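In: got a sequence here, can you build the structure:
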Amino acid sequence: MPVPQGRRLLPSWRSWLRRFACLGILTLTFLSACGLQSPPSQATISAEIQLERKEGAPPVFKVVGWDQIGLLKSESANLGADRWQALFAVYVDPDSPSEVSLPPLLGSYRIEEQELIFQPRFPLEPGLRYRAVFDPMADGSQAKQHITVNFTIPKAEATASTTVENVYPTTNRLPENQLKFYLHFSAPMSRGEAYSRIHLLDENGEPVELPFLELDEELWDRQGKRLTILFDPGRIKQGLVPHEEVGLPINEGHNYTLVIEQGWLDAQGTPLKEGFEKSFGVVAADRESPDPKTWRLTSPQGGTRQPLSVEFPEPLDGGLLLRLLDVMDPARNFIEGSIQIDRQETRWQFTPLEPWSAGDYSLVVGTTLEDLAGNRIGRTFEVDVFERIEERVTTTTVSLPFQVLP
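Out: Below you'll find the model as predicted:
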């Protein structure tokens, strides 16, 4: 039977009544707002979504100013998680429209002082964009209306704090066949941009072309706080094509500056607090091996924790000095203690955890210990640089005896 012309909107009105009855939030005020002259599809919701972030309290999303909140409170005990989420949900917006939409955030709901509150289960992430949707008619009504508000949690302003603590070798006189630099940072650094952030300038302030061996895998320690930078061995070793055609990266009688850019990012994505420069002069090439017989040992006094002191006639590799020298007691056991290197890597000191006992001791030195030019004990860099790995699998040591007197 045809519907009389005067009742054409009645089914839609009844649909609204049924849906609001399920929520228990229909009022006479709302009925008046949805009269026959204004179809339900044009109805508006008087409410506002806010994000509240108070110091010392977890952030919450709130619906305020909704005149049906009292009726919702009386029905809240009967609403399950799905119904709460259909009514009020918060999402993380994808970075691009092509990405898959994420499900709503998990959390808890409550009503306090005429406010509908959603508290996320997990902390909000700085830099992400969140979308809060309030939809009291999310049960399939053709007259669906909702409020959507986007919030972006600002990233906290990072304070630059990471510094270059030191560059080894610390001496400002380097041989022209210098092999490496150790860069020490106060905190872990980002990886993959070292060779674009480190520069070598000549005495005229001009960049030296390709002085370093640029490896795909940067040589970081496990903490990401120490980086090893190698001069190109092909330009250092005599007889190789790069050495003959391009020459040494640095040359005797000239001055250079190693520059580390301030814009280099640490592991947290923050630039260095300040840049770093190391200026140095270049002396003649060093093509002789370190000789432990020329080292001077100063023995400690028994019953004390005085350090054992070892002085070298030339600077040695600071990184290797930390791990290739050990002290052995009269019973041939290694002693635990702390190491200090100073005087521009020409002095090594060992302080034991326990006081020295009188007796005969040994300083055990790994023969892979190098000087600044990469010359090892018993073998120069010129011989060693491109030898096959299987020829140096084993590490030998030399021992230097010293005595602790009572």
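In: quick check: phi and psi on the residue most central in space within the chain?
Out: Closest residue to the average C-alpha location of the chain: residue 267 at 2.3 Å, with CA atoms, centre = their mean. Backbone torsions for residue 267, taken as degrees, to the nearest 10, come to phi -70, psi -20.
In: quick one, grab the pLDDT at it.
Out: We have a pLDDT of 93 for residue 267.
In: check contacts around the nearest residue to it once chain neighbours are set aside.
Out: Computed as CB to CB, 6 or more residues apart in numbering, the closest residue to residue 267 that is not its neighbour in sequence is residue 188, at 4.0 Å. (C-beta placed from N, C-alpha, C; glycine too.) With contact taken as CB atoms under 8 Å, 6 or more residues apart in numbering, residue 188 is in contact with 223-225, 266-267.
In: what subset of these is buried?
Out: Burial by neighbour count, 16 or more other CB atoms under 10 Å: within those this picks out 224-225, 266.
In: which ones among the residues you listed are found in strands?
Out: Among the buried ones among the contacts of residue 188, the subset assigned to strands under DSSP state E is empty.
In: how about these in TSV, adding distance to residue 59?
Out: Formatted as TSV, the buried ones among the contacts of residue 188 follow (distance: CB to CB, whole Å):
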residue	distance to residue 59
224	32
225	34
266	28
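In: nearest to residue 340, of the residues you listed?
Out: Using CB to CB, the shortest approach to residue 340 within the buried ones among the contacts of residue 188 belongs to residue 225, at 18.6 Å.
In: now residue 72, what's its secondary structure?
Out: What DSSP: H, G, I helix; E, B strand; the rest coil gives for residue 72 is helix.
In: wait, it sits on residue 117?
Out: No - taking contacts as CB atoms under 8 Å, residue 72 lies outside contact range of residue 117: 12.0 Å.
In: anything in contact with each of these two?
Out: Common contacts of residue 72 and residue 117, defined by CB under 8 Å, 6+ apart, comprise residue 111.
In: name the nearest residue to residue 59, sequence neighbours excluded.
Out: Spatial nearest neighbour of residue 59, excluding adjacent residues (CB to CB, 6+ apart): residue 53 at 4.5 Å.
In: what about that neighbour, distance to residue 62?
Out: 11 Å (CB to CB, to the nearest Å).
In: one more: residue 131?
Out: 15 Å.
In: look at these two and report which has more neighbours.
Out: residue 62 (19 against 16; other CB atoms under 10 Å).
In: spit out the contact partners of that one.
Out: Residue 62 touches 49-52, 115-118, counting by CB under 8 Å, 6+ apart.
In: so what's it bridging to?
Out: residue 50, residue 117 (DSSP bridges).
In: pLDDT value on it, please?
Out: For residue 62, the pLDDT comes out at 93.
In: residue 225 now?
Out: 97.
In: tally of neighbours for the closest residue to it other than its chain neighbours?
Out: Distance criterion CB to CB, 6+ apart; nearest residue to residue 225, sequence neighbours excluded, is residue 185 at 5.0 Å. Residue 185 has 23 neighbouring residues, counting by other CB under 10 Å.
In: now stretch 120-130: average pLDDT?
Out: 89.
In: how about it as PDB, C-alpha atoms only?
Out: What follows is stretch 120-130, C-alpha atoms only, in PDB (Å, rounded to 0.1, in the frame of the first residue of the first chain):
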ATOM      1  CA  PRO A 120      44.800   4.500  26.400                       C
ATOM      2  CA  ARG A 121      46.400   1.400  27.800                       C
ATOM      3  CA  PHE A 122      49.800   2.400  26.400                       C
ATOM      4  CA  PRO A 123      51.600   5.800  26.400                       C
ATOM      5  CA  LEU A 124      51.100   8.100  23.400                       C
ATOM      6  CA  GLU A 125      54.000   8.300  21.000                       C
ATOM      7  CA  PRO A 126      55.500  11.700  20.200                       C
ATOM      8  CA  GLY A 127      55.300  12.500  16.500                       C
ATOM      9  CA  LEU A 128      52.300  10.200  15.700                       C
ATOM     10  CA  ARG A 129      49.000  11.500  14.600                       C
ATOM     11  CA  TYR A 130      45.900  10.200  16.500                       C
END
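In: let's have the chain start at 48 instead
Out: Sure, I'll start numbering at 48, so the last one becomes stretch 167-177.
In: show me where this structure dips below the pLDDT cut-off.
Out: For the chain, applying pLDDT under 70 flags the ranges 48-92, 142-147, 185-191, 430-442.
In: repeat that for 80
Out: Within the chain, the ranges that satisfy pLDDT under 80 run 48-93, 118, 121-125, 142-148, 184-192, 202-205, 286, 288-292, 429-442.
In: no more questions from me, cheers.
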